[in-house]
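Student: Mind looking at a prediction? Sequence and model below.
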Amino acid sequence: MDHGEVRVVVRKFDGSPHWHHTMLRLGEDDFGVWLGAPIGTVYGKGEEAEVYTTQERRVMLFPRDTWWTALFQEVPARLDVYCDVTTPPEWTSTGEVITVDLDLDVCRTRVDGSVYVDDEDEFALHQARYGYPPHGVSRAESTAEWLSAALRDGTEPFGAGYRHWLAQVR
């Protein structure tokens, strides 16, 4: 198992910085590359280095050639799964991965397993502001639909499989 550090960089469509933080590489499987973050991981946003510190262990999945990433969180997080609709992850090196956030988020709540799409208003606004190309808009919308169904029915990796990776985070 390679536990090297990986810098996660999320940008907006215009290239401006969005979220950024460091995680540990846990490994790979058929779904993609898994990274872990222990309690106390610091997240930065935009130009700010420290805006949020995690209260729970997390793992993040970067699938190959797909338009989403997935974050799996332990208690006390309200959401057990938070998926970002993004451009496919770009690995600039083994120590850095970059995605472009396309605004739509698909979330599953811990308390009752309900699934919802978040930030549809931001997605509509940014289509005009950033000039999202039509194929990007349709890809983002179809990805959000697929994620919603997969989170509702527990299709892996959204069933219990992620717990194997979460158990490795210390």
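Tutor: Now that the structure is in, tell me what you want to look at. Residues are numbered from 1 along each chain as shown.

Student: which residue lies farthest from the center of the chain?
Tutor: Ala128 (23.6 Å; CA atoms, centre = their mean).

Student: and that one, that's in a strand?
Tutor: No. Ala128 sits outside any strand when classified using DSSP: H, G, I helix; E, B strand; the rest coil, being helix.

Student: can you count the residues close to His18?
Tutor: For His18, the neighbour count with other CB atoms under 10 Å is 17. C-beta: built from backbone N, CA, C; applies to glycine.

Student: Which residue comes closest to it once chain neighbours are left out?
Tutor: Nearest residue to His18, sequence neighbours excluded (CB to CB, 6 or more residues apart in numbering): Val10, at 4.5 Å.

Student: can you check Asp14 too?
Tutor: Spatial nearest neighbour of Asp14, excluding adjacent residues (CB to CB, 6+ apart): Tyr130 at 5.4 Å.

Student: Repeat that for Gly46.
Tutor: Of all residues not flanking Gly46 in the chain, Pro17 sits nearest, at 5.4 Å (CB to CB, 6+ apart).

Student: now do Trp91
Tutor: Closest residue in space to Trp91, ignoring its immediate chain neighbours: Val97 at 5.3 Å, by CB to CB, 6+ apart.

Student: Quick one: low-confidence residue ranges for the chain.
Tutor: 1-2 (pLDDT under 70).

Student: Let me see the ranges of the strands in it.
Tutor: Residue ranges of the strands in the chain, as given by DSSP state E, are 5-11, 17-29, 32-37, 42-45, 48-53, 58-63, 68-73, 79-86, 90-93, 96-109, 115-118.
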